[in-house]
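Q: With the sequence up front, the predicted model follows.
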Amino acid sequence: MSQQLPRRLESEAVGKIPILGLGTWKAAPGEVTEAVKVAIDAGYRHFDCAYLYNNENDVGTGIQQKIKEGVVRREDLFIVSKLWCTYHKKALVKTACYKSLKALKLDYLDLYLIHWPMGFKAMEDLVIAGLVKYIGVSNFNHEQLERLLDKPDLRIKPITNQIECHPYLTQRNLIRFCQSRDVSVTAYRPLGGSCEGVDLMDDPVIKTIAQKHNKSPAQILIRFQIQRGVIVIPKSVNPKRIQENIQVFDFELAEQEVDELLCLDRDFRMARFPIAENHKDYPFNIEY
Ligand SMILES: NC(=O)c1ccc[n+]([C@@H]2O[C@H](COP(=O)([O-])OP(=O)(O)OC[C@H]3O[C@@H](n4cnc5c(N)ncnc54)[C@H](OP(=O)(O)O)[C@@H]3O)[C@@H](O)[C@H]2O)c1
């Protein structure tokens with residue numbers, strides 16, 4: 001197994017964030033340590049974590065072991081965590097960050113995201129304190145992001161907006177907006193997750209494109225984002241699928257195939273965060 005970052009993966013990094021990372025949501029604590037180790041061996045360097053996922057301790061164990069084995073150095077890795085909504089108060093932000101750092105067994109994060117669009121200001125202090133290299137946002141709609149970017153007292157700009165994105169929710173307008181403001185986009189749930197009754201990987205258009213390239217539907221879904229210049233973080237705890245999901249740098253989708261995938265858009269959002277639907281900052285009540 002290659003322990004090197006595939007050359008094209010490096011060259012296709014979007015700005016500061018490696019373009020392909022491993023998602024860790026719903027990765028059971030008993031499985032995720034091994035998944036992280038397999039992923040590092042396969043060439044993954046970007047790991048998407050969060051306090052909410054309740055498994056950062058086990059992710060950290062995998063990272064730590066690979067550093068100890070000398071397979072990677074800390075500075076080769078790009079580790080992301082997210083501030084959960086119960087820690088938005090300025091006084092709690094640093095505490096939350098320290099909790100994630102301790103669980104992950106790290107002394108800094110590469111990127112800290114605000115998980116949902118409610119509060120951002122105190123995140124800047126973490127960069128100034130050297131606890132995180134970059135900060136970013138997640139689930140921000142374009143109005144919320146614009147408001148943030150236009151704040152006269154903004155000290156540190158978010159480097160990415162992590163949003164749900166796949167062919168049933170292509171996010172064309174929001175991606176155009178983010179890229180026009182020099183904020184990268186990270187696609188979560190790129191494979192459609194495990195949403196009941198909806199199986200992106202069973203879509204006939206996606207399956208036909210996959211057969212044409214002799215690739216799996218998952219590889220088509222991942223490559224689709226990469227060709228749009230979008231960072232992508234498929235989750236898997238299955239060693240075979242972890243390896244499969246990174247084998248996406250040896251083929252290219254034709255422009256027409258990308259268009260066919262874009263035409264599947266049906267504005268279908270899987271992650272709706274229903275308990276926050278009545279919050280004033282709930283992000284999904286506007287078009288994009
Ligand atoms: N910011 C946010 O609010 C937010 C929200 C949701 C997710 N995220 C992040 O985005 C990551 C990805 O999203 P997600 O986990 O919701 O969904 P996803 O990556 O679209 O899909 C994960 C599902 O696909 C399966 N899978 C993975 N590779 C496969 C392959 N090659 N063939 C067939 N099935 C495959 C996985 O099962 P196995 O594990 O068994 O392979 C899992 O059931 C998360 O893990 C998390 O890090 C962020």
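A: Ah, there it is. Keep in mind that what you see is a predicted model, and the values were worked out from it rather than measured.

Q: give the contact list for the residue of the chain found nearest the ligand.
A: Nearest residue of the chain to the ligand (C-beta to the nearest ligand atom) works out as Gly23 at 2.5 Å. (C-beta placed from N, C-alpha, C; glycine too.) Gly23 makes contact with Asp48, Tyr188, Ile233, Pro234, Lys235, Ser236 under the criterion C-beta atoms under 8 Å, 6 or more residues apart in numbering.

Q: Can you get me a residue count around the nearest residue to it once chain neighbours are set aside?
A: The shortest distance from Gly23 to any residue other than its chain neighbours is 3.1 Å, reached at Lys235 (C-beta to C-beta, 6 or more residues apart in numbering). Look at Lys235: counted by other C-beta atoms under 10 Å, it has 24 neighbours.

Q: Show me the subset of the contacts of Gly23 that also lies near the ligand.
A: Of the residues in those, proximity to the ligand by C-beta under 6 Å from any ligand atom holds for Asp48, Tyr188, Ile233, Pro234, Lys235, Ser236.

Q: Mind checking which of those residues are in strands?
A: Counting by DSSP state E, the part of the ones next to the ligand among the contacts of Gly23 found in strands is Asp48, Tyr188.

Q: From Asp265, how far out is the residue nearest to Tyr112 when sequence neighbours are not counted?
A: The shortest distance from Tyr112 to any non-neighbouring residue, by C-beta to C-beta, 6+ apart, is to Val132 (4.2 Å). For Val132, the distance to Asp265 (C-beta to C-beta, to the nearest Å) stands at 34 Å.

Q: Comparing those two, which shows the higher neighbour count?
A: Per other C-beta under 10 Å, whichever of Val132 and Asp265 has more neighbours is Val132, with 26 against 14.

Q: Can you show me the strands along this protein?
A: Using DSSP E, strands in the chain cover 21-23, 46-48, 78-83, 109-114, 132-138, 160-164, 184-188, 231-232.

Q: Residues of this protein that sit close to the ligand?
A: When proximity is defined as C-beta under 6 Å from any ligand atom, the chain approaches the ligand at 23-26, 48, 115, 138-139, 162, 188-194, 201, 216, 218, 233-238, 241, 244-245, 271.

Q: chain center to stretch 27-34, what's the gap?
A: Relative to its chain's centre, stretch 27-34 lies at 18 Å (C-alpha atoms, centre = their mean, to the nearest Å).

Q: Residues contacting it, please?
A: By C-beta under 8 Å, 6+ apart, stretch 27-34 touches 24, 35, 53-55, 57-59, 61-62, 65, 235, 237, 239.

Q: what two of those residues are the furthest from one another?
A: Asn54 and Pro239 (22.2 Å; C-beta to C-beta).

Q: who has more neighbours, those two?
A: Taking other C-beta under 10 Å, Asn54 and Pro239 do not tie; Pro239 has more neighbours (16 against 13).

Q: Next, work out how far apart the closest residue to the more buried one other than its chain neighbours and Leu106 are.
A: Leaving aside its sequence neighbours, Pro239 sits nearest to Val38 (C-beta to C-beta, 6+ apart; 4.5 Å). Using C-beta to C-beta, Val38 is found at 20 Å from Leu106.

Q: rewinding a little: looking at the contacts of stretch 27-34, state which has the most neighbours.
A: Val59 leads the contacts of stretch 27-34 on contacts (other C-beta under 10 Å) with 28 neighbours.

Q: Surely that one and Ile40 touch.
A: No - using C-beta atoms under 8 Å, Val59 is not in contact with Ile40, being 11.1 Å away.
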